[in-house]
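*Asks:* Sharing a sequence plus its predicted fold:
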Amino acid sequence: MLLFGAAVVSAASGNPSAPVFDSVGSTAELYPWARVSVIAHPMNFGTFTGYADEKIIAVDNAILNVETNCLLDLLFTAGDLTKGTSTIKTAYNVRQDGTDLGWLNRDWPGYSYAGPLSKSGGQLAATIKNYQMTGFAKLGPNVSSQEAGDYNATITLTVSAP
């Protein structure tokens, strides 16, 4: 299982604060079957202005590389951006080497719950694949719908042999 973070900064009264990021190891060895390497993290959403229903796309992608010598099942999970009890609805799109695998946590553009993204046999044996994750976040209908400040989320990739 590999965890890496996503962050966003919310501005209030023109006084944005710095984003907070989690430290994550760059490689997870699943010896002798697979190696998962973080190529780019964290996913940075930048700063919301605070307008009602404002939508923002992450300014960069989280990217990881999976190398395996056996067939792998993939399970991507993630949550909304949170700060204490405040949340910002967040959808994530996952691509494997540029091919769309689908949405997790929420769908886009409706932001209804979509749950985890599971791909049985998602990566063939003796392959190296890159996974790019892009985040999409949406504020609530009122300025008071969420607290100003730094928000974080965790994306988890679980790989297993079928």
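*Replies:* Cool, the structure landed.

*Asks:* For the residue nearest in space to the middle of the chain, give its distance to Asn142.
*Replies:* By Cα atoms, centre = their mean, the chain has its centre lying nearest to Ile155, at 4.6 Å. Plainly put, Ile155 is 28 Å away from Asn142 if you go by Cβ to Cβ, to the nearest Å. Using the backbone N, CA and C atoms, a C-beta is placed for each residue, glycine as well.

*Asks:* Which helix or strand in this structure has the lowest average pLDDT?
*Replies:* Using mean pLDDT, DSSP states H and E, strand 2-10 stands out as the lowest-scoring helix or strand of the chain, at a mean of 44.

*Asks:* and Asp97, how many residues sit next to it?
*Replies:* Neighbour count for Asp97, taken as other Cβ atoms under 10 Å: 10.

*Asks:* when you give positions from now on, start the count at 595
*Replies:* Yes, from this point I'll number from 595; that puts the last item at Asp691.

*Asks:* Give me the pLDDT for it.
*Replies:* Looking at Asp691, its pLDDT reads 95.

*Asks:* pretty sure Thr621 is touching Val630, no?
*Replies:* Yes. The pair Thr621 / Val630 is scored as a contact, 7.0 Å apart, by Cβ atoms under 8 Å.

*Asks:* returning to what we had before: need phi/psi at the residue nearest to the centre of the chain.
*Replies:* Backbone torsions for Ile749, taken as degrees, to the nearest 10, come to phi -100, psi 130.

*Asks:* Quick check: chain neighbours aside, which residue is closest to it?
*Replies:* Spatial nearest neighbour of Ile749, chain neighbours left out: Ala672 (4.3 Å); criterion: Cβ to Cβ, 6 or more residues apart in numbering.

*Asks:* For that neighbour, which residues are in contact?
*Replies:* Residues near Ala672 by Cβ atoms under 8 Å, 6 or more residues apart in numbering: 600, 684, 686, 698-699, 747-750.
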